[in-house]
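Enquirer: this one's structure only:
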Ligand code: DX5
Ligand code: ZN
């Protein structure tokens, strides 16, 4: 089967990436099956180092273990001070997309080259207070921009609506130089906030709590996000 990389996915389509952080960690295999059956397009994996963000999550061994029980493309979000060191282990573990933060300590061009070396798609993320201008010069070299709509570090936080203009700004800038780029948004996305971010131009939606902990089930939750399709600019 051909590997489904992000650059082959349609940026005019709403793509839902449930964040594993909100899953039941005692039952990862069944949780993965549950969201796959519910219509997830990718799996979002939050990797934290206890330094770039004040929390620790999982490393490459967990990713390679779940790689064996999921067909979803793995969207790996590196919240690390020194991401370049860990690109290779995460690629080997099965990442299809690696996103690093522009606020990290490494040179962005070096990290992009290191990810490309492994034939993996590249994303750059911006924290809520980082302006769009910080990533502008990289737009023609990457596949995705991840706009954080909470301060990175924890799931279950409230959506920050002040990032909405930045989503629109990045979408417009990208349309000029690299229209194939995906604009992903992460943090506090649910059936309500989706109506703010999609009209601004976000097509890839990370949702942890809203999908894994939906009272009416993951399928209904993912449908609510896909339903915003006709709001894409
Ligand atoms: C936060 C993470 C998010 C988080 C999203 O640092 O990057 O991916 O898990 O969780 P929710 O959807 O619950 O806000
Ligand atoms: Zn994330």
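Expert: Yep, it's here. Remember, it's a predicted structure, so these values are computed and weren't measured experimentally. Numbers count the residues shown, from 1 in each chain. Ligands and ions are numbered 1, 2, ... in the order given.
Enquirer: Report the beta-bridge partners for the nearest residue to residue 186 once chain neighbours are set aside.
Expert: If the residues on either side of it in the chain are set aside, residue 186 comes closest to residue 206, at 3.9 Å by Cβ to Cβ, 6 or more residues apart in numbering. (Glycine included, C-beta is placed from N, CA and C.) Going by DSSP bridges, residue 206 is paired in beta bridges with residue 17, residue 186.
Enquirer: tell me which element the closest residue to ligand 2 within the chain is part of?
Expert: Scanning the chain for the residue nearest ligand 2 gives residue 77, at 3.8 Å (criterion: Cβ to the ion). Secondary structure here is read from DSSP states H and E; on that basis residue 77 sits in strand 74-79.
Enquirer: returning to what we had before: so what's the residue count around the residue of the chain closest to ligand 2?
Expert: Residue neighbour count, defined by other Cβ atoms under 10 Å, stands at 27 for residue 77.
Enquirer: go on, residue 202?
Expert: By the criterion of other Cβ under 10 Å, residue 202 has 30 neighbours.
Enquirer: Identify the residue nearest it in space, chain neighbours excluded?
Expert: By the measure of Cβ to Cβ, 6+ apart, the closest residue to residue 202 outside its immediate chain neighbours is residue 185, 4.2 Å from it.
Enquirer: check contacts around the one you found.
Expert: Under the criterion of Cβ atoms under 8 Å, 6 or more residues apart in numbering, the contact list for residue 185 reads 146-147, 149, 163, 167, 197, 202, 204-206.
Enquirer: If we use 10 Å, what do you get?
Expert: Applying Cβ atoms under 10 Å, 6 or more residues apart in numbering, we find residue 185 in contact with 145-149, 159, 163-164, 166-167, 193-194, 196-198, 200-207.
Enquirer: do the same with residue 100
Expert: By Cβ under 10 Å, 6+ apart, the contact set of residue 100 is 47, 52, 76-80, 82-84, 86-87, 106, 108, 111-112, 114-115, 122-125, 146.
Enquirer: got it, and residue 206?
Expert: With contacts taken as Cβ under 10 Å, 6+ apart, residue 206 has the following neighbours: 15-19, 21, 42, 44, 46, 75, 77, 146, 148-149, 155, 184-189, 225.
Enquirer: from those, which would you call buried?
Expert: Taking 16 or more other Cβ atoms under 10 Å as the criterion, what is buried in these is 15-19, 21, 42, 44, 46, 75, 77, 146, 148-149, 155, 184-189, 225.
Enquirer: filter those residues by proximity to ligand 1?
Expert: Intersecting the buried ones among the contacts of residue 206 with the contacts of ligand 1 gives 19, 21, 44, 46, 77, 155, 186-189 (criterion: Cβ under 6 Å from any ligand atom).
Enquirer: What is the most widely separated pair among these?
Expert: Pairwise distances among those were taken by Cβ to Cβ; the largest, 15.0 Å, belongs to 77 and 188.
Enquirer: The strand holding residue 77 pairs with which strands, and in what direction?
Expert: Sheet pairing of strand 74-79 (DSSP bridges) gives strand 43-48 (parallel), strand 97-101 (parallel).
Enquirer: want to try TSV for the ones you listed, with distance to ligand 2 as columns?
Expert: Supplementary listing: the strands paired with strand 74-79 in TSV, determined by distance: least, Cβ to the ion, whole Å:
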stretch	distance to ligand 2
strand 43-48	4
strand 97-101	8
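Enquirer: Could you look over the ones you listed and pick the most buried one?
Expert: For the strands paired with strand 74-79, the stretch with the most neighbours on average is strand 97-101, a mean of 28; neighbours defined as mean count of other Cβ atoms under 10 Å.
Enquirer: just how off-centre is it within its chain?
Expert: Between the centre of strand 97-101 and the centre of its chain there are 8 Å (Cα atoms, centre = their mean, to the nearest Å).
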